[in-house]
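> 3D, please:
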Amino acid sequence: MSRHIDAKALAALAVAGKRPVRSPDRARLLASAVRPGWEPWTERVAALWDVSPAQVRAEFGRAGSPREWEPSPVPRVDAFHLDGGPATAGADVGLVRIPDGYGFPLHGHSGTEEYVVLQGVMRFADGHREYPGDRVRHGDSVTHSYVAEGDVVVAIVMRGELTAP
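Alright, predicted model coming up:
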């Protein structure tokens, strides 16, 4: 079977390739783009948040706007809140951003904390590290502290509240 390409169509494609193509949905597409470096963890975050991968990509895009973040109860730590799926009902769902070098204070949780590390490394007091792509679950009996190596961002589902040890 032979394929024909119309000469006029071919010429139009060649011209279009030399100038930017503007789409009315360009802003929406840019906003829905996955943040660089976070792409590999889209499926893990979708499972954590109980939403579709497309919803994760949209939230990652929204997280690119500084206006979407707010200060958390922990100084210097920012939070990005969103609605997760049915399995996350009653939980705090979103992203947490911890600045490079910040020592997150010793704390516990009155419920479970589950997260996927998206960027940076979390170095814990006992010496172990958690890296991008790690999915971690802490029960309510765990207390921990860590230092952010690089700006750390985690996708999180937290049930209950932070507690002091």
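
> For beta bridges, what are the partners of the residue nearest to His107 when sequence neighbours are not counted?
Setting aside the residues directly before and after it, His107 is nearest to Leu162 in space (Cβ to Cβ, 6 or more residues apart in numbering), at 5.0 Å. For every residue, glycine as well, the C-beta is placed using N, CA and C. Per DSSP bridges, the residues bridged to Leu162 are His109.

> so Leu162 makes contact with Pro73?
Yes: Leu162 lies in contact with Pro73 (Cβ atoms under 8 Å); the separation is 7.0 Å.

> Pick out whichever of these two has more residues nearby.
Legend: neighbour count by other Cβ atoms under 10 Å for Leu162 and Pro73, higher for Leu162 (15 against 8).

> Tell me the pLDDT of Asp126.
Per-residue confidence (pLDDT) for Asp126: 89.

> about what we covered before: would you mind listing the residues in contact with the residue nearest to His107?
73-74, 107-109 (Cβ atoms under 8 Å, 6 or more residues apart in numbering).

> any chance of the residues you listed in a markdown table, with pLDDT and distance to Tyr131 too?
Shown next, in a markdown table, are these (pLDDT from 0 to 100; distance: Cβ to Cβ, whole Å):
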| residue | pLDDT | distance to Tyr131 |
| --- | --- | --- |
| Pro73 | 86 | 26 |
| Val74 | 87 | 22 |
| His107 | 86 | 21 |
| Gly108 | 84 | 23 |
| His109 | 83 | 22 |
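
> Need the contact partners of the host helix or strand of Met122.
If you go by DSSP states H and E, Met122 is part of strand 113-124. With Cβ under 8 Å, 6+ apart as the test, strand 113-124 has contacts from 35, 37-38, 41, 44-45, 48, 95-96, 98, 100, 129-138, 142, 144-159.

> how about a cut-off of 7 Å?
37-38, 41, 44-45, 48, 129-138, 144, 146-158 (Cβ atoms under 7 Å, 6 or more residues apart in numbering).

> circling back to that earlier point, gap between the residue nearest to His107 and Arg57?
29 Å (Cβ to Cβ, to the nearest Å).

> quick one: contacts for Gly94?
Contacts of Gly94 by Cβ under 7 Å, 6+ apart are 79-82, 156.
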